[in-house]
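**Q** I'll drop the sequence and a predicted model, then ask my questions.
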Amino acid sequence: TVNLASLSPTGTNYFRVNSFSSGTMNDPSAVGGQVPSGVGHVYLEIEDITDAGHVPSDGFFWDGSTWAAAAPNPSLEAIVHESSWTYLSLPNQAYWERWDASPDGRAYRFKVKVVARSSNTTTFNSLSAKLIFDKSAPASSITTPPLGSPADEDVVTSLTSIQGTAVDTSTSDIKRVYITIRNRKDPPNNQGQCTPGDLGSELGNYWDGGAWTDESEVWLPMTSYDFGSNVWTFNSLGVSWKNDCYYVLRSSATDDANNFQTLISSRGYQFQAEPAITKITTPLGPPENSVQYYKDLGRIEGTANDK
């Protein structure tokens with residue numbers, strides 16, 4: 001008895017181009033003799049189930065080379081391995097798009113049928129996976145820190161989190177947003193650079209999540225994403241910002257179909273730590289508009305916060 005054959009894309013999935021499909025299968029021990037017979041054949045059926053909002057719409061089947069009005073007979077057959085299978089003759093991108101003027105959102109259903117060497121057979125209705133075509137890239141932008149005026153010259157005194165928005169303009173959802181943080185070498189309008197020496201050694205370097213590195217550009221994943229507001233957040237509490245240094249952020253998003261943002265968003269700013277704050281606590285200050293007199297003053301105390 002064959003009871004499992006799983007496609008690698010299961011449920012509702014988004015894809016851009018799928019050049020081959022694969023899955024796993026097994027033939028569990030039979031109830032009587034407890035001896036598995038093994039899998040002999042794996043067959044596929046690929047149906048276009050696109051709604052009427054697209055032209056052409058549903059009602060066609062892939063026959064291995066083109067779309068036909070009826071399911072192929074005999075069915076498409078996969079290559080069977082010891083515990084998996086592959087099918088190589090899937091449509092190319094043009095056939096997935098079906099020359100639709102707006103192909104994003106076209107829907108297809110994969111069905112699988114497995115035949116054991118004992119001739120026990122599943123049906124095409126026992127296992128299927130829905131695929132949605134999406135070739136449009138998502139978009140992300142940075143909102144915190146703000147753009148500033150002039151642009152990319154905002155002065156930031158504290159930056160514990162970096163935020164922005166990310167949306168997928170077609171049919172799938174945002175999968176991940178990545179950012180890079182760079183201590184830039186070339187501040188805008190020749191405004192100078194941060195202090196040379198130990199601080200200057202970080203100029204042009206990227207934050208790798210724990211330290212500044214002079215390696216190639218480092219992309220860090222977002223900390224969280226809110227699907228309701230489309231807002232992504234990166235926790236930058238651990239970043240060691242240097243006083244008076246200029247930084248540039250870049251963000252890029254990817255969606256569930258693995259489309260990557262091509263027009264990278266960026267944001268520049270200068271970091272200036274808040275000035276130190278001191279306060280005298282002993283002796284106590286006099287009431288307003290008066291003078292406080294002391295006979296003896298053994299100590300002077302206060303607080304200091306060097307930010």
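**A** Here it is on my side, so go on.
**Q** can you give me the strands for the stretch 201-307 of the chain?
**A** 206-207, 212-213, 220-221, 224-226, 231-235, 246-255, 265-271, 277-282, 301-305 (DSSP state E, counting those that start in this stretch).
**Q** any chance of those in TSV, with mean neighbour count too?
**A** Every C-beta, even on glycine, is put in place using the N, C-alpha and C of the backbone. Formatted as TSV, these follow (neighbours: other C-beta atoms under 10 Å):
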stretch	mean neighbour count
strand 206-207	22
strand 212-213	16
strand 220-221	14
strand 224-226	13
strand 231-235	18
strand 246-255	22
strand 265-271	20
strand 277-282	10
strand 301-305	9
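**Q** Phe124 is nearest to which of those strands?
**A** strand 246-255 (29.6 Å; C-beta to C-beta).
**Q** what angle sits between the closest one and strand 265-271?
**A** Strand 246-255 and strand 265-271 meet at an angle of 150 degrees, taking axes from the mean of the first three to the mean of the last three C-alpha atoms, to 10 degrees as the criterion.
**Q** related to what we said a few turns ago, could I get the strands of the stretch 201-307 of the chain as TSV with distance to Phe15 and mean pLDDT?
**A** Formatted as TSV, the strands of the stretch 201-307 of the chain follow (distance: least, C-beta to C-beta, whole Å; pLDDT from 0 to 100):
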stretch	distance to Phe15	mean pLDDT
strand 206-207	32	96
strand 212-213	35	90
strand 220-221	22	97
strand 224-226	21	97
strand 231-235	23	98
strand 246-255	11	95
strand 265-271	25	93
strand 277-282	56	78
strand 301-305	54	75
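**Q** which stretches in this protein count as helices?
**A** With DSSP state H applied, the chain shows helices at 93-97, listed in chain order.
**Q** can you pull up the most central residue in it?
**A** Taking C-alpha atoms, centre = their mean, the centroid of the chain lies closest to Arg176, which sits 1.3 Å from it.
**Q** name whatever forms a beta bridge with that residue.
**A** For Arg176, the beta-bridge partners are Thr254 (DSSP bridges).
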